[in-house]
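Fold the following.
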Amino acid sequence: MKFNTKTIHGGQHHEKITGAVMPPVFQTSTYVQTSPGKPVGDYEYSRAANPTRTALEDALASIENGAKGLAFSSGLAATDCLLRLFKAGDEVIAMDDLYGGTYRLFTKLYKDSGIIFHFVDMNNLEKFESLINENTKLVWVETPTNPLMKLADIEAIAKITKKNNLLFAVDNTFATPYLQKPLDLGADVVMHSATKYLSGHSDVIAGALIIKDKTLAEELHFKQFATGATLGPMDSFLVLRGIKTLHLRVQRHCENGEKVAQFLNQHPAVERVYYPGLASHTYHEIAKKQMSGFGGMVTFTFKSGKKEEAIKFLENLKVFTLAESLGGVESLANHPALMTHASIPEDKRKEVGISDDLVRLSVGVEDIEDLIADLEQAFSK
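Below is the predicted model:
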């Protein structure tokens, strides 16, 4: 199947008993057994597996071209499960510009467990490779990054990780499998905050891992079962429903994102626009190479460099909603330094380029004329 068909049919089956086209919400915690240890079907207890969650996990594996998908209670729960593969003394090399929650998980929780984290610009492949030693176990990349839209060459990094027998994971939340397929480019694991584009309607918190190797997938499934960070049946149903329109929504996100980026790029109040689709973007060539579109996330700074101007701008928006998160059908606006990335120390934020006048937009699927008009009126005030 091609991708648009996969979002609707990939890994999916009509419900056996009733013929229901959409998988029912199996709102049950346990399943009947005919004799001790002999369940009627394939399910025993919903922490291990639930039919609605299985339908979602099969869809996830299909759209990312993986061996198995796992659905979690959040993106951070999915990341946490992957990190449970490692022990004290193991080392992880991660991209230097990460979502604030990922950075917090790495530095506040797992660092205390004895795992050593190195943060590096993944476009400096020589520096990245110099950090690899016998204790290195995982390479973690986010591309495009949140919020600076930095990209990393997945294929080039995969060549290094394979040569050194390292596990390579990619956070594909911003790009989605509609625009980028990390497993096809050489990654071993893909992570999604399924809260965002996969769900697409700002009504669920969910996460996902999609794994290329079946043996690794089973090991991660056991860790998920043992620790319990599973996605409930209703939330699984909502994410699965969201995936069925992923291709339609992301296409519109891309169209609107590009127009918003072009508008901002010409606005006299704007200093810099971070959008992979602009020829001026530092990583534009990487984006053209490994992505089929440039997404709906746009970040920019003000010519004045003033935090107060960014805050006033955000307060005056009417169609864009001032809120955390991204990837929903509605347009959202965010101040990373005060909101999503506040958990990152100020000096670290400044080091990677998250300034106090930085604004991040998640461009939705509304009429572009209304979005541009809203931005214009907010600038004028």
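
List of residues touching the lengthiest helix in the chain?
Within the chain, and with DSSP state H defining each element, the longest helix by residue count is helix 246-265. Contacts with helix 246-265, where a contact means Cβ atoms under 8 Å, 6 or more residues apart in numbering, come from 3-4, 7, 63, 176-179, 197-198, 200, 270, 273, 275, 277-278, 280, 293-298, 300, 327, 329, 361, 363-366, 368, 371-372, 375. To be clear about C-beta, it is placed using only N, CA and C from the backbone, and glycine gets the same treatment.

Could you write me a PyMOL select line covering just the buried ones among those?
In PyMOL, a selection of the buried entries from those looks like this (16 or more other Cβ atoms under 10 Å):
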select buried, resi 3+7+63+176+177+178+179+197+198+200+270+273+275+277+278+293+294+295+296+297+298+300+327+361+363+364+365+366+368+371+372+375
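
Out of the contacts of helix 246-265, which sit inside strands?
Counting by DSSP state E, the members of the contacts of helix 246-265 that fall within strands are 270, 273, 297-298, 300, 361.

What is the nearest of those to residue 158?
Comparing these against residue 158 with Cβ to Cβ places residue 297 closest, at 23.6 Å.

Would you mind naming the residues that bridge with the closest one?
The residues listed as beta-bridge partners of residue 297 by DSSP bridges are residue 362.

dump the residue contacts of it.
So residue 297 contacts 144, 146-147, 149, 174, 257, 275, 326, 360-363 (Cβ under 8 Å, 6+ apart).

Could you check the pLDDT of it?
Reading off the per-residue confidence, residue 297 sits at a pLDDT of 98.

Equivalent analysis for residue 16, please.
At residue 16, the model reports a pLDDT of 87.

rewinding a little: save the contacts of residue 297 as a markdown table, and put in distance to residue 190 too.
Listed next are those as a markdown table, based on distance: Cβ to Cβ, whole Å:
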| residue | distance to residue 190 |
| --- | --- |
| 144 | 14 |
| 146 | 16 |
| 147 | 21 |
| 149 | 19 |
| 174 | 12 |
| 257 | 22 |
| 275 | 23 |
| 326 | 18 |
| 360 | 22 |
| 361 | 25 |
| 362 | 20 |
| 363 | 23 |
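
Pick the one among the ones in strands among the contacts of helix 246-265 closest to residue 155.
Using Cβ to Cβ as the measure, the one of the ones in strands among the contacts of helix 246-265 that approaches residue 155 most closely is residue 297, at 22.0 Å.

out of the ones in strands among the contacts of helix 246-265, what pair is the most spread apart?
270 and 297 (16.0 Å).

how about the helices of the chain, start to end?
Secondary structure of the chain by DSSP H: the helices cover 3-9, 51-64, 75-83, 100-104, 125-130, 154-163, 176-179, 214-227, 233-243, 246-265, 284-290, 307-316, 346-352, 368-380.

Name the residues of stretch 46-61 that are buried.
In stretch 46-61, the ones that count as buried by 16+ other Cβ under 10 Å are 46, 49-61.

my read: residue 353 touches residue 97, true?
Yes - Residue 353 sits in contact with residue 97 when judged by Cβ atoms under 8 Å, with a separation of 7.5 Å.

what's the overlap in contacts for those two?
residue 148.
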